[in-house]
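Asker: Build me a model from this:
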Amino acid sequence: MKKIIIFIHIPKTAGTSMRKIIEKQYNVMQRRYYYNGYQDAFNRLKGTPQQKLNTVKWVQGHFQFGLHEAISNPVEYIAMLRHPVDRVISYYYFLRENPRHPLHQKAKSLHLKDFIMSEENIIQDGINNLQTTLISGEGTPSFEKAKKNIDEHFMMVGLTERFNESLFLMRKKLKWYVPYSSRHNVTRSRPKMSQVSEDVKKIIEQKNEFDFQLYEYGKAIFQKHLEELDPAAQQELRKMTGRTKL
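Answerer: Model prediction:
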């Protein structure tokens, strides 16, 4: 049976950009998108006949780790991680820009500080250690569990802040022949992280202790993957990024 890549699309970590790239790489029979939560994705995958499942190469959506248990095909995971403070800021301004999102009116009615301090679970679910929660796969954030899942089940983790380099690694690992692409669904109206008050950033940091641990761990793994590239690939990457060091 053919291996399937499962991409955990953590909100506001360049997952929409990845979807645009995937649509250039894989045809409609080779890709599956599930954006109605984990249980829906699990049930739909489990209900897919094996013959059809064998044509699938990429599964993507807003769900937590664990979908491999729904299928018998070999699986490897990929996810993009993002600096936790930057992700939460981007998430808030994304909600304010998107009238169809259930939290749009709430985000529009509250300042950033009031929004992140809200006690409503539906708001905190998108703020409080979300990256660790999804990669833990248990509905609650556990850095140790997320770390174990990455070590045992992930082909790689990319970094939103180093999107082109992340895409470069995926191209090499998956033997893609797709053009490089700019990021999509970027929240244009949001302030830079440096423009947000220190007290707001401190609150976000306090709510994302595990996500900071995960992000630092992901950065170390990402750097290791770059250093493991062969010399020709490293040279190609330096030329592409303009960096003298990886």
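Asker: all strands of this structure, in order?
Answerer: Secondary structure of the chain (DSSP state E): strands at 4-8, 31-34, 58-61, 75-81, 154-159.
Asker: how about the second one: buried residues?
Answerer: When neighbours are counted by 16 or more other CB atoms under 10 Å, the buried residues of strand 31-34 are found to be 31-32, 34. (Glycine included, C-beta is placed from N, CA and C.)
Asker: pLDDT (mean, whole number) over it?
Answerer: For strand 31-34, mean pLDDT is 97.
Asker: Sheet partners, orientation included, of it?
Answerer: Strand 31-34 pairs in its sheet with strand 58-61 (parallel), by DSSP bridges.
Asker: Same list (the buried residues of strand 31-34) but as a markdown table, adding distance to residue 200.
Answerer: Shown next, in a markdown table, are the buried residues of strand 31-34 (distance: CB to CB, whole Å):
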| residue | distance to residue 200 |
| --- | --- |
| 31 | 38 |
| 32 | 38 |
| 34 | 33 |
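Asker: Just the closest of those residues to residue 140, please.
Answerer: residue 34 (21.4 Å; CB to CB).
Asker: count of neighbours near the closest residue to residue 66 other than its chain neighbours?
Answerer: Spatial nearest neighbour of residue 66, chain neighbours left out: residue 137 (4.4 Å); criterion: CB to CB, 6 or more residues apart in numbering. Look at residue 137: counted by other CB atoms under 10 Å, it has 23 neighbours.
Asker: Can you tell me what sits against stretch 228-246?
Answerer: 164-165, 168-169, 172, 180, 223, 226-227 (CB atoms under 8 Å, 6 or more residues apart in numbering).
Asker: repeat that for 7 Å
Answerer: Residues from elsewhere that reach stretch 228-246, judged by CB atoms under 7 Å, 6 or more residues apart in numbering: 164-165, 168, 172, 226-227.
Asker: got it, and stretch 87-102?
Answerer: Identification of contacts with stretch 87-102 by CB under 7 Å, 6+ apart yields 11-13, 103-104, 107-108, 112, 115-116, 126-127, 187, 189-190, 193, 196, 204.
Asker: List only buried entries from the contacts of stretch 228-246.
Answerer: Counted by 16+ other CB under 10 Å, these give 165, 168, 172, 226 as buried.
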